[in-house]
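Q: take a look and give me a structure for this.
(4 chains, ligands or ions: 6)
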Protein chains: 4
Amino acid sequence: MEYQVKGAEGKLGILIPGLGAVATTLIAGVEAVKKGFSQPVGSLTQMGRIRLGKRTEGRFPLIKEFVPLAGLEDIVFGGWDVYADNVFEAAAHAKVLEPMLLHSLKPELEAIKPMKAVFDQSFARNLEGTHVKEGANKMALAEQLMDDIREFRETHGCARLVMVWCGSTEIYIEEGAVHQTLAAFEKGLLNNDPQIAPSMVYAYAALRSGVPFANGAPNLTVDIPALVELAHEQGVAISGKDFKTGQTLMKTILAPGLHARALGVKGWFSSNILGNRDGYVLDAPENFKTKEVSKLSVLDEIFKPEANPELYGDMYHKVRINYYPPHGDNKESWDNIDIFGWLGYPMQIKINFLCRDSILAAPLALDLALFTDLAQRAGMSGIQEWLSFYYKSPQTAEGLPPEHDIFKQLMKLQNTLRHMMGEDLITHLGLDYYQDLVDTL
Amino acid sequence: MEYQVKGAEGKLGILIPGLGAVATTLIAGVEAVKKGFSQPVGSLTQMGRIRLGKRTEGRFPLIKEFVPLAGLEDIVFGGWDVYADNVFEAAAHAKVLEPMLLHSLKPELEAIKPMKAVFDQSFARNLEGTHVKEGANKMALAEQLMDDIREFRETHGCARLVMVWCGSTEIYIEEGAVHQTLAAFEKGLLNNDPQIAPSMVYAYAALRSGVPFANGAPNLTVDIPALVELAHEQGVAISGKDFKTGQTLMKTILAPGLHARALGVKGWFSSNILGNRDGYVLDAPENFKTKEVSKLSVLDEIFKPEANPELYGDMYHKVRINYYPPHGDNKESWDNIDIFGWLGYPMQIKINFLCRDSILAAPLALDLALFTDLAQRAGMSGIQEWLSFYYKSPQTAEGLPPEHDIFKQLMKLQNTLRHMMGEDLITHLGLDYYQDLVDTL
Amino acid sequence: MEYQVKGAEGKLGILIPGLGAVATTLIAGVEAVKKGFSQPVGSLTQMGRIRLGKRTEGRFPLIKEFVPLAGLEDIVFGGWDVYADNVFEAAAHAKVLEPMLLHSLKPELEAIKPMKAVFDQSFARNLEGTHVKEGANKMALAEQLMDDIREFRETHGCARLVMVWCGSTEIYIEEGAVHQTLAAFEKGLLNNDPQIAPSMVYAYAALRSGVPFANGAPNLTVDIPALVELAHEQGVAISGKDFKTGQTLMKTILAPGLHARALGVKGWFSSNILGNRDGYVLDAPENFKTKEVSKLSVLDEIFKPEANPELYGDMYHKVRINYYPPHGDNKESWDNIDIFGWLGYPMQIKINFLCRDSILAAPLALDLALFTDLAQRAGMSGIQEWLSFYYKSPQTAEGLPPEHDIFKQLMKLQNTLRHMMGEDLITHLGLDYYQDLVDTL
Amino acid sequence: MEYQVKGAEGKLGILIPGLGAVATTLIAGVEAVKKGFSQPVGSLTQMGRIRLGKRTEGRFPLIKEFVPLAGLEDIVFGGWDVYADNVFEAAAHAKVLEPMLLHSLKPELEAIKPMKAVFDQSFARNLEGTHVKEGANKMALAEQLMDDIREFRETHGCARLVMVWCGSTEIYIEEGAVHQTLAAFEKGLLNNDPQIAPSMVYAYAALRSGVPFANGAPNLTVDIPALVELAHEQGVAISGKDFKTGQTLMKTILAPGLHARALGVKGWFSSNILGNRDGYVLDAPENFKTKEVSKLSVLDEIFKPEANPELYGDMYHKVRINYYPPHGDNKESWDNIDIFGWLGYPMQIKINFLCRDSILAAPLALDLALFTDLAQRAGMSGIQEWLSFYYKSPQTAEGLPPEHDIFKQLMKLQNTLRHMMGEDLITHLGLDYYQDLVDTL
Ligand SMILES: NC(=O)c1ccc[n+]([C@@H]2O[C@H](COP(=O)([O-])OP(=O)(O)OC[C@H]3O[C@@H](n4cnc5c(N)ncnc54)[C@H](O)[C@@H]3O)[C@@H](O)[C@H]2O)c1
Ligand SMILES: NC(=O)c1ccc[n+]([C@@H]2O[C@H](COP(=O)([O-])OP(=O)(O)OC[C@H]3O[C@@H](n4cnc5c(N)ncnc54)[C@H](O)[C@@H]3O)[C@@H](O)[C@H]2O)c1
Ligand SMILES: NC(=O)c1ccc[n+]([C@@H]2O[C@H](COP(=O)([O-])OP(=O)(O)OC[C@H]3O[C@@H](n4cnc5c(N)ncnc54)[C@H](O)[C@@H]3O)[C@@H](O)[C@H]2O)c1
Ligand SMILES: NC(=O)c1ccc[n+]([C@@H]2O[C@H](COP(=O)([O-])OP(=O)(O)OC[C@H]3O[C@@H](n4cnc5c(N)ncnc54)[C@H](O)[C@@H]3O)[C@@H](O)[C@H]2O)c1
Ligand code: NA
Ligand code: NA
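A: Ligands and ions are numbered 1, 2, ... in the order given. The predicted structure is shown next:
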């Protein structure tokens, strides 16, 4: 297949439900980069390179020079929140970026004011938002969001839009009847079905408006058959769930390494301490449950205990998140991994990651927005599994197990880009360097 | 190209210069596995699986059932050491395995007695070996080794042999004139050239005897043009250098992960404490130098500072090994990694690995022996870059930079096996799951 | 005051409710020491020394040679448990000591069989004990215990007895009316008052039998006015609560050091992972509550936030215990301490303690038994605050805040011993070394 | 003995050889505190309290309200350095304090310009200072320093002076003949004896001028018989050596705790990474040697291996300092401690201290200046062992082993203050709370 990737002309609007720590760090960061104050470190679209052809060809362009991406100067931000603070105020409250930097961007940040949110406190007990829409039912609220989207597109003269959920983690719910078909879902919107989360209302509004959607939180949102159906119907790209940062990022780096070496794992204990608003929301057990399910899933898929029972059959995996105000956004994780090697002898690995939550997440939100827009222009609609690289719980086609190994995810992402642009895929066979064979099949 | 891989019939002799901690842990372990006492954890050839075909095919055989490898029951061990202890005594002295286990294997281990070594104390100041060969010059010593090899093959009725260097790390030397051509090297052997290390004498003897050679230590040994020339001439497989275990293993797992995410690195400080004989040899600065060079090389190749100066241009990398007797073979590493993300904000990762040195190395020695024998039967002679997966400083063709990213190394190893057996290579593109495309090119 | 300390002639019976990990490690250890297999490391009474007089006098005897303590050869062990396993079986199940060691002590350990317990599952949901006494009411059960005690004393010909609670942690209860007076308490025993915990029944039976009592768990037990009253009436020594081991031990070592230097503390996060039966009992929130209260109390008393509001007024202290089976008895703690220094600049201390729970607790149980017996012979009845050194929540006189600083506790313990034996107390003034003054007041 | 402590009227001049990281952090900090910007955290004289009388009396005043200390507003700073940078420039270069804070103190800091140093590069190879005095011999240089002192006293109208060495660590030298008597020393000054270090020239000049001297570095300096003799002759107070901060501080906190519990120690491995100028000087092996000797000494005295051979007889202690530029002044230490408990079972403690070197040292320099001035006013001349609390290698009377246990040091310091002011010493016996005895002897 040959892709015909459309160019990235015109403005790209990035619409964000949830103008909290991650979103404001993203927005302020893009402004800082545009002014030349800082570098967009951690963003593959901005700083990453891709190898093309054989090792000896030395072709190693920046990704943004290889595929046609929207430039930072063409981005316009907008969003919704349950608090009325503008982005300057919200960023100051989040305490991620230094006051000096925020002040140097004050006019740009103050100008971005959240639209009123679709919200329901039963989905996030620890939030007391007041800046919320009212409506007869969830369908009416969805329509108000569609109006917001239309108005934003016109006001800012956007050629294209993408939506990235950066709102709080909602309580845990499982897929039910109302999520199975588009028809059932739309009836549920009219009936105010309690199983329809606010985030789903946003996703519905986006897809109906032809706007692709990416989900940075672990809540189901767009990962239900009804909305997959709508995405296909509308020809828009979707992906999720849950930005892969911090401890889980480390896990999907390290676990493939242990697996590669056929080292056994008896236990993996993961603890986190964090003190930001996200941590406060997750202090409610029903919200933590959503995150826990997302965090726990990654190891099994990588280790495949059913295929390797002697190595991973007894693995005990536990994840804890502890709200600890002194740390603010400086999330710290601590992992103890009980492994065993030759003849079953035990060893331990301990990892202490002093990270910054939103600093790690912001560039992922940017990349997802830009790559989602690229996919849309390449005519790739529905679930974008090649974006698994960015997610803790990648959304996949029904029945297809997600891939969690970050290196396979990266390979998939890179080979997708190569494929889009008609370049050879890379297999790392490389026998030809030694024996005059062709590198790829 | 189609490989015609010969079968693995008959006995395989594994000849080991250096019957110390690693070698005795390997030998005792193979005996324990043969008796059903323990599992060969950490060995890809024994416990690893390989995916074949598409994800949905569910083909995931054990590697040893996919490619024809020598079985453990067909292995015979032999070796040389500067101390006369038999393998039971040497294993007891190394204090890696529990006394109970060693006692249950006593007869088998006692039966293996080291042949006299080719040794020169100027290459390992901290060793006082007495069980050494005497000879007019290094060529004469090589010939004695060739006699040993011939005799071993006959006594044990081996169909094939491989040699794996598990001797102490020799002092640091750089490639000189005597290493450039086979002719110069053979003259050097006759002249007793001081630039020819004992390990090179073993390698020469092996290659001359048609025995492939793998090098578990960081000394040059077979990684010199003269011996590459001989390997080609003789049609034997060679590879090296330095088993990739412990801290460096972790490094080549973690660094690709940071690089994948375009996270910057400002500094990487690595400290080790260990108290075994290897640690004692490395306590001599000239021997540590050899190890240090090997350990320092890995990061640059993975991060490519010249291609990514903003992310890795200022990286400060330091490695320390501290001899600390209380730990014995239980090497412990501690890494502090100073990284930076979005807008340059700093973060830190700390890794504390409580490992067991020889427990990690023994299965690598086994895999190298078995895969080297496989390569030989597949007609692959000269440098085996696909075995990079096992080495800290992979030996590559002249001018070709080594690949250190363990995941690319694994991909290369697996695709080489697939290629040998005529299976499709894997690219992880997988668009067909979504859009009815072919998986691979 | 002059003490007349009676000698330690005759046998000392140590009676233990709860023959679990700690108790069996204690009993097996004493046997191993008696046989000369091992050393009683961690026990002040067995291996500790005490300085007497001035630094220059060089008087530094073993504590057991300074004060008259029962010798290990004069100790007889007995106990109760809700499971019928003898001490050999229970020790094997606890997996603290190596099988080889246990087997070498098998006859001695098998001979000790638990008496039937006084138990009530509502106090430890996760225990399913069957080896329990039946009786009309709690007073009847107490009388059965008194019979057990009498019989044990006679059978073994004990000159003296002490009881040390090593049973599971009971659920959290607060002092109520039934605990206020001996009269109310005895009425409660007859009425089966649900506020009377099984451990209190043991304590009552001990005190009534003239047997001093020490409490190794955090439950109230003997720390209620009713039983203090009884202790005074009977002239017996009592002390508690909760052996100070592992993380809390480290805390009461480190916190005094930070306080000594006037360093501020913003937060202290403590996490634990353990997988033994104790951990399983504590996995029930009501039982964890008892432990948590005990663990949280220590910092405030040491830092005195009300006296030092600028340094400790905002300290956030959180303690977590996570049940993690792969670790068994090898409890591991991890602490993150956020401190600040000169001008408020922040720093962090991280402590990772790979400990062994019962190995740390067993010698404390021994010391408490021996020192309690000593106190009894010295005529010191009621609360023994000088044993605070051993406890997480030291029992003190009504209204007197406990001392948690382990160095003040040690000073108190040592000066009490010096005082008992008529030696000068030590103040560390020592000006006389320089200016011919008297060392002590 | 009754002390007659003179009041602290008039200005106190603090003279500092070495206006580097510690000194400028001290000076800027005192200015910041005077302006009310920050708190002098970490300083016992400014923020510490002392308990007086019995626990129940509730007397717990600030130390500075209990003993008569110079107030911060009465302090004047001066100093010498081999670089001509004023204190603002030097502080900016040291990168300890935030630029914003330094700028708010610019006028005060700029006003303090170093006097020319007495320096000799053979004592600190990595320094290339140019701002140095010239003189016929070391006696002539000492006289120039005495002139500096006299002039400073007059210019600033100081009632009293103290000198605190904050210069770089000099190379390792051992006590020789020239250090034995004042006469030999003065002859050496005239002869330019190479065994007389620059720091000794400062100390000599101070003592000759009647100025007490405290030594924050590990070099011998004032810890030689010749200068002790001079101190006695002149009636001035002296103390040293080496500010106790960071890792050694932690060690002398933790080791007494392990010893208190009779836990054995098999090994203690200490590593440090730091990247400031101090670290750069210590990167020269001869200078590191001085620091190493100072750092290694502490454990032996606390554990007393000769008195406790079963617990500490085999202890292996190793200390490493690694120059690691990415960390700057943010020194990080990592300790692994191999301990053993009951029956010899091994456990491990790992401590990772993310500290700030100069933030920890600055308040010690302040306390030493103020307490030394207090001692001087109390008529205490010669070695001030009660200030051991502040030092890694406390200077003591000939033949008296130093006390390293920080809690005994604190006790000594506090009881000295109580003694000075005629208060009862504290022994922590406290039996009277229970039995109507007197608290103290
Ligand atoms: N490293 C990371 O930071 C990271 C990683 C993975 C996932 N996430 C997820 O990203 C999301 C954002 O994280 P954050 O740190 O910015 O959290 P945050 O609490 O700072 O911001 C979330 C914002 O969403 C708003 N919000 C909640 N419900 C809303 C609704 N229905 N409509 C509009 N706004 C709503 C909240 O008021 C808040 O301002 C969370 O779900 C978090 O779990 C973050
Ligand atoms: N994890 C690991 O254990 C690991 C990892 C990478 C590399 N290595 C390397 O593997 C080698 C073996 O490690 P080890 O732990 O077994 O060390 P070891 O010291 O226990 O064993 C080495 C043995 O080699 C012998 N020897 C030295 N020179 C010899 C010679 N010229 N001929 C014959 N014998 C000789 C020594 O006497 C010794 O018995 C070392 O070079 C080591 O650096 C080990
Ligand atoms: N480091 C330590 O091990 C440590 C430290 C502080 C406190 N403690 C406390 O010491 C106690 C013992 O710890 P452990 O590790 O031995 O636990 P464990 O679970 O191994 O042993 C406790 C035993 O008590 C028995 N038991 C429970 N209720 C009883 C009753 N009413 N009568 C008689 N037996 C009863 C249980 O059956 C069990 O065998 C626990 O309360 C624990 O919290 C232990
Ligand atoms: N935590 C700590 O910072 C700490 C702890 C213990 C001891 N110390 C010691 O304190 C001293 C100061 O530490 P720092 O971090 O400020 O170091 P620094 O290198 O920043 O400052 C030392 C200064 O002394 C100057 N100097 C060197 N020789 C001199 C001389 N002969 N006369 C005058 N000036 C001279 C140098 O030029 C430099 O400016 C060092 O010896 C260090 O080892 C520091
Ligand atoms: Na936790
Ligand atoms: Na080190």
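Q: quick one, strands of the stretch 251-400 of chain A?
A: For the stretch 251-400 of chain A, the strands defined by DSSP state E, counting those that start in this stretch cover A:264-274, A:316-323, A:332-340, A:346-354, A:382-383.
Q: let's have the ones you listed in TSV, adding distance to ligand 3 and mean pLDDT.
A: Glycine gets a C-beta too; all of them are placed from N, C-alpha and C. Listed next are these as TSV, based on distance: least, CB to the nearest ligand atom, whole Å; pLDDT from 0 to 100:
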stretch	distance to ligand 3	mean pLDDT
strand A:264-274	19	96
strand A:316-323	19	94
strand A:332-340	19	97
strand A:346-354	20	97
strand A:382-383	50	96
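Q: let me have those strands in a markdown table, extended by mean neighbour count and distance to ligand 2.
A: Formatted as a markdown table, the strands of the stretch 251-400 of chain A follow (neighbours: other CB atoms under 10 Å in any protein chain shown; distance: least, CB to the nearest ligand atom, whole Å):
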| stretch | mean neighbour count | distance to ligand 2 |
| --- | --- | --- |
| strand A:264-274 | 24 | 17 |
| strand A:316-323 | 19 | 27 |
| strand A:332-340 | 23 | 15 |
| strand A:346-354 | 20 | 12 |
| strand A:382-383 | 22 | 44 |
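Q: domain-wise, how is chain A divided?
A: Split into domains by automatic domain parsing, chain A comes to A:11-243+A:359-420, A:247-356.
Q: which among the strands of the stretch 251-400 of chain A is found nearest to chain B?
A: Closest to chain B of these, according to CB to the nearest CB: strand A:346-354, at 4.3 Å.
Q: walk me through which strands that closest one pairs with, and which way each runs.
A: Sheet pairing of strand A:346-354 (DSSP bridges) gives strand A:332-340 (antiparallel), strand B:346-354 (antiparallel).
Q: report the distance from it to the chain centre.
A: 26 Å (CA atoms, centre = their mean, to the nearest Å).
Q: before we move on, what about stretch A:85-105?
A: With CA atoms, centre = their mean, you get 23 Å for stretch A:85-105.
Q: is that stretch up against chain B anywhere?
A: Yes: Stretch A:85-105 is in contact with chain B by CB under 8 Å from any CB of the partner chain, via A:97, A:101.
Q: which residues touch that stretch?
A: A:19-21, A:23-25, A:27-29, A:31-32, A:35, A:37-38, A:77, A:81, A:83, A:106, A:109-114, A:276-277, A:328-329, A:356-359, B:343 (CB atoms under 8 Å, 6 or more residues apart in numbering or on different chains).
Q: ok so, going back, turn the domains of chain A into JSON lines, including distance to D:Leu220.
A: Converted to JSON lines, the domains of chain A look like this (distance: least, CB to CB, whole Å):
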{"stretch": "domain A:11-243+A:359-420", "distance to D:Leu220": "45"}
{"stretch": "domain A:247-356", "distance to D:Leu220": "39"}
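Q: the one helix or strand A:Asn415 maps to near chain B at all?
A: Using DSSP states H and E, A:Asn415 sits in helix A:406-420. Yes: applying CB under 8 Å from any CB, one finds helix A:406-420 in contact with chain B at A:406-408, A:410-412, A:415-416, A:419.
Q: other SSEs contacting that helix?
A: Using 3 or more CB pairs under 8 Å, 6 or more residues apart in numbering or on different chains; DSSP states H and E, the elements in contact with helix A:406-420 are helix A:246-260, helix B:246-260.
Q: A:Pro225 - how many residues pack around it?
A: 15 (other CB atoms under 10 Å in any protein chain shown).
Q: what about the nearest residue to A:Val67 once chain neighbours are set aside, distance to ligand 1?
A: Distances taken as CB to CB, 6 or more residues apart in numbering or on different chains put A:Leu417 closest to A:Val67, at 5.5 Å, once the chain neighbours are dropped. For A:Leu417, the distance to ligand 1 (CB to the nearest ligand atom, to the nearest Å) stands at 24 Å.
Q: you'd agree A:Leu417 is up against A:Pro61?
A: No: at 10.8 Å, A:Leu417 does not count as touching A:Pro61 under the criterion of CB atoms under 8 Å.
Q: those two - which one has more neighbours?
A: A:Leu417 (20 against 12).
Q: enumerate the residues of chain A near ligand 1.
A: A:17-23, A:80-83, A:94, A:117-119, A:124, A:127, A:129, A:166-169, A:198, A:216-217, A:242-243, A:245-246, A:276-278, A:281, A:357-358, A:360-361 (CB under 6 Å from any ligand atom).
Q: state the phi and psi torsions of the residue in chain A that ligand 1 sits nearest to.
A: When scored by CB to the nearest ligand atom, chain A has A:Gly20 as its residue closest to ligand 1, at 1.7 Å. Per-residue torsions, A:Gly20: phi -100, psi -140 (degrees, to the nearest 10).
Q: got a list of what it touches?
A: A:81, A:90, A:94, A:166-168, A:277-278.
Q: one more time with 7 Å, if that's ok
A: Residues in contact with A:Gly20, defined by CB atoms under 7 Å, 6 or more residues apart in numbering or on different chains, are A:90, A:94, A:166, A:277.
Q: hang on, the earlier thing: which member of the residues of helix A:406-420 next to chain B is positioned nearest A:Ile238?
A: Distance to A:Ile238 across these (CB to CB) is lowest for A:Thr416, with 15.8 Å.
Q: give me the next element, helix or strand, following the one helix or strand A:Val22 maps to.
A: Taking DSSP H and E as the definition, A:Val22 sits inside helix A:21-34. For helix A:21-34, the following helix or strand on the C-terminal side (DSSP H and E) is helix A:44-47.
Q: and that following helix with chain B, contact?
A: Yes: for helix A:44-47, a contact with chain B is found by CB under 7 Å from any CB of the partner chain, at A:44, A:47.
Q: contacts for that helix, please.
A: Against helix A:44-47 from outside (CB under 7 Å, 6+ apart): A:40-41, A:63-64, A:69, A:366-367, A:370-371, B:262, B:310-311.
Q: would you map the helices across the stretch 51-200 of chain A?
A: For the stretch 51-200 of chain A, the helices defined by DSSP state H, counting those that start in this stretch occupy A:63-66, A:87-94, A:99-104, A:106-110, A:138-156, A:182-191, A:198-208.
Q: most tightly surrounded among those helices?
A: helix A:198-208 (a mean of 26; mean count of other CB atoms under 10 Å in any protein chain shown).
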